[in-house]
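# Just a sequence and a predicted model for now, questions to come.
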Amino acid sequence: MALPSPLTESALHQDPILQFQRWFDAAASAGISQPNAMMLATVSHDGKPSARVVLLKRVDKRGFEFFTNYLSRKGMEIDGNPNVALVFHWEPLGRQVRIEGEATKLSPEESDAYFHGRPIEHQIGAWSSSQSEPATREELDRRYEETKAKYSGIEVPRPPHWGGYRVAPRVIEFWQQRQARLHDRIRYERQPEGSWRFQRLSP
C-alpha cells in the first residue's frame, strides 16, 4: 500500500478532532483491521506505567470514549491518576496519532445505553470476570454459565463496576511516515481559552 501524501500544515484542519476523524475514516476505508484499536497508558500511584490495547467506541469534541471494568488495573490507576495517554498506529498508512489528556467516567446513563447495545454474550461476560484478578479457566466458565442462567429471559443489568471513560485531550500529535526517517510530526495543544494551536516538531 502506497503511503499517503506528506503532511503539510496547509492541509491540516484547525480542529484536531476533525483532523483525527479524517485519518480514522481513511484507516477504515483502507481495510485496516480494527482501526479503533488504541494503546491506553496509565500510571500507578507509585509512578509505574502500564499499557494495553482498548477499543475506541466514540469520539467527538468532548474526547475519546472507551469502556472497561472500573475495578480493573487500568480503572484503579485512572481513579488514582486520571492523566492518561492514547496511541493509534495505522501501520499500512504509515500513520500514528498520540493523545494526552484526562480521563473521567461517563454518566451512568451513557454507560447503560452502550452496555445494553452490546451482544448478550458480552453483557454476561462483564458480570463473569473480575478483571485483572487471578482466576482459573474453569472458574471463568462456571461464572459465565451461572450468570447466563440467572438472567435467562430477562434484561441483563449493567454491573455497577463496569462503564465508560472519556479522555478529554490536552495534546494531539499526528505522525506521518517519511523517507530518511524525516517523519512529519504536527502537535496540537489546547490553549487556556479552549482553542487549539499546532506546530511542527522534529522527528
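Alright, I've got the coordinates. Please read all numbers here as calculations on a predicted model, not as lab measurements.
# any idea of the pLDDT on the residue in the chain sticking out farthest from the centre?
For the chain, the C-alpha farthest from the mean C-alpha position belongs to residue 153; by CA atoms, centre = their mean, that distance is 32.5 Å. With respect to pLDDT, residue 153 has a value of 88.
# Am I right that it sits in a helix?
No. Under DSSP: H, G, I helix; E, B strand; the rest coil, residue 153 falls outside any helix and is assigned coil.
# if I pick it, what's in contact with it?
Shown in contact with residue 153 (CB atoms under 8 Å, 6 or more residues apart in numbering): no residues. Every C-beta, even on glycine, is put in place using the N, C-alpha and C of the backbone.
# buried stuff in the helix or strand hosting residue 138?
Counting by DSSP states H and E, the element that carries residue 138 is helix 137-150. Within helix 137-150, the residues that count as buried by 16 or more other CB atoms under 10 Å are 143-144, 147-148.
# Out of these, which is nearest to residue 33?
Of all the buried residues of helix 137-150, the one with the least separation from residue 33 (CB to CB) is residue 144, at 26.3 Å.
# and the closest one, what does it touch?
Shown in contact with residue 144 (CB under 8 Å, 6+ apart): 124-125, 128.
# could you redo the last one with a cut-off of 10 Å?
By CB atoms under 10 Å, 6 or more residues apart in numbering, residue 144 lies in contact with 121, 124-125, 127-129.
# again, but for residue 148
Going by CB under 10 Å, 6+ apart, the list of residues near residue 148 reads 120-121, 123-125, 127-128, 156.
# Can you name the residues bridging to residue 40?
Beta-bridge pairing of residue 40 under DSSP bridges involves residue 52, residue 86.
# Against residue 55, how distant is it?
Plainly put, residue 40 is 10 Å away from residue 55 if you go by CB to CB, to the nearest Å.
# intersection of neighbour lists for those two?
Common neighbours of residue 40 and residue 55, using CB under 10 Å, 6+ apart, are 66, 68.
# out of the two, which sits in the busier spot?
Using other CB atoms under 10 Å, the more surrounded residue of residue 40 and residue 55 is residue 40, with 25 against 13.
# Residue 61 - how many residues pack around it?
By the criterion of other CB under 10 Å, residue 61 has 9 neighbours.
# no no, residue 62
Other residues lying near residue 62 total 13 when counted by other CB under 10 Å.
# Likewise for residue 165?
A count of neighbours around residue 165, defined by other CB under 10 Å, yields 24.
# how close does it get to residue 185?
As judged by CB to CB, residue 165 and residue 185 stand 27 Å apart.
# One more: residue 102?
To residue 185, residue 102 is 23 Å away according to CB to CB.
# repeat for residue 10
With distances taken as CB to CB, residue 10 is found 16 Å from residue 185.
# Neighbour count for those two, which is higher?
Taking other CB under 10 Å, residue 10 and residue 185 do not tie; residue 185 has more neighbours (17 against 4).
# Spell out the secondary structure type for the more buried one.
Using three-state DSSP, the secondary structure recorded for residue 185 is strand.
# In this structure it contacts residue 202, no?
Yes. Residue 185 is within contact range of residue 202, at 7.4 Å (criterion: CB atoms under 10 Å).
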